[in-house]
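Novice: Got a predicted structure plus its sequence, pasted below:
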Amino acid sequence: MGFSNQERINFNSKALAASVVDANPVSQWYETRNPFAFMLDGKKILLQLSSVPAAASLATARTNASNNPTIISDLSQNASAVRLTLVSGTNNSTYISYTTYNDTTSPVLDNWLQPQMVLQSSGAASIGYAIQLYDGVPGSGGTLVTTTDGTTGTGQNKSVGWIWNYASGLLFLSDDFKSNISNPYVVGFRYIGTTALDSGTGSNIGDAYTADETIVAGELVRFVTSSDGGGLTPGRVVKANASSMNGAGAMGVATSGASQGNSINVAYEGKSGVLFGSNPAASSNGQRVYLSTTSGKATLTPPASNASVVVIGRLQGATGSTNTPNVVVNITELVTLG
């Protein structure tokens, strides 16, 4: 006969709670010799998760996504809601978030930002990133499904009616509750930053600094110096600009966003998403990238006059559909014109 329910409970309890495993139902976690580990897809190793700012509210989460467009995808608005597809063979109990509804060949929208993965300074979860589930189209007749909908029992016998798996973009419905959901949609935020599967990320070198103005991810930055004045603090970072010698001292690219006085991550060598004023074409890959006369931005055209020519690196990830393609960063100031 197969494993009993109690054997399965004991087996999984040791593995999940204590990271040890064997099939002996009477051994305790401290008596078990073999360590337990998950086999992780490299896509689940989120290399820039530490660059995701905390969010105590939905408004803050949306601001964070706006400031970090290469790390956070904002799908929190009703217009961006993702319609979930029923997984065949699950008896209406499991739904998945495909890029295209009901197209099982389209990529899965996974790596949703789980609030408990981004802690506030108090240690509380960043509830601003929490998903919301709707039955029907949000804002067009859809009904919000609260976290307590479908819950039964009390105390240690309390059991929820549905679970959202942030890592895999999966919705699980209990057998007693599934008849209440027929057309599920989800809104929230996804992590779209670099993962262990992305090539070249290991060579990215950078550090944390303090921003002296609002900076978004992908903008080119420089150090504030004593000649800046205007209430700026030397040693902090602001957006670089090729229009002046002082402003052209680009030292790296912001890999996270920040407002004045807050910590910001800056990469100064390796591959990183860099903000352009437009979407570079794929045919431009391999070309030199220059600091623009527009603050914080890069360009493929070197300044003509009265400006500093600063090479940021070489374009590597242009597709024509994004204004923050990857650039192999190797900053060099060539000459000051005018």
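Specialist: Right, received. Where do you want to start?
Novice: who touches residue 233 in this structure?
Specialist: Applying Cβ atoms under 8 Å, 6 or more residues apart in numbering, we find residue 233 in contact with 210, 212, 224. For the C-beta atoms, the positions are set from N, CA and C on the backbone; glycine is no exception.
Novice: Would you mind measuring from it to residue 267?
Specialist: Shown here: residue 233 relative to residue 267, a distance of 22 Å by Cβ to Cβ, to the nearest Å.
Novice: sorry, back to before: okay, the contacts of residue 233 in CSV with neighbour count and pLDDT next?
Specialist: Output for those, formatted as CSV (neighbours: other Cβ atoms under 10 Å; pLDDT from 0 to 100):
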residue, neighbour count, pLDDT
210, 15, 93
212, 24, 95
224, 22, 93
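Novice: Now, these that are in helices?
Specialist: Secondary structure from DSSP state H places none of the contacts of residue 233 in helices.
Novice: of the residues you listed, closest to residue 116?
Specialist: Using Cβ to Cβ, residue 210 comes nearest to residue 116 of the contacts of residue 233, at 27.1 Å.
Novice: Excluding chain neighbours, what is closest to that closest one?
Specialist: residue 236 (4.7 Å; Cβ to Cβ, 6 or more residues apart in numbering).
Novice: unless I'm mixing things up, the one you found is touching residue 221, no?
Specialist: No: Residue 236 is not in contact with residue 221 according to Cβ atoms under 8 Å; the separation is 9.6 Å.
Novice: Between those two, tell me which one has more neighbours.
Specialist: residue 221 (26 against 18; other Cβ atoms under 10 Å).
Novice: ok, now which ones touch the more buried one?
Specialist: Going by Cβ under 8 Å, 6+ apart, residue 221 touches 209, 215, 237-240, 250-254, 264, 266, 296.
Novice: The same query, at a cut-off of 10 Å, please.
Specialist: 209, 211-213, 215, 236-240, 249-254, 264, 266, 268, 295-296 (Cβ atoms under 10 Å, 6 or more residues apart in numbering).
Novice: can you check residue 152 too?
Specialist: 158, 159, 160, 161, 174, 176, 177.
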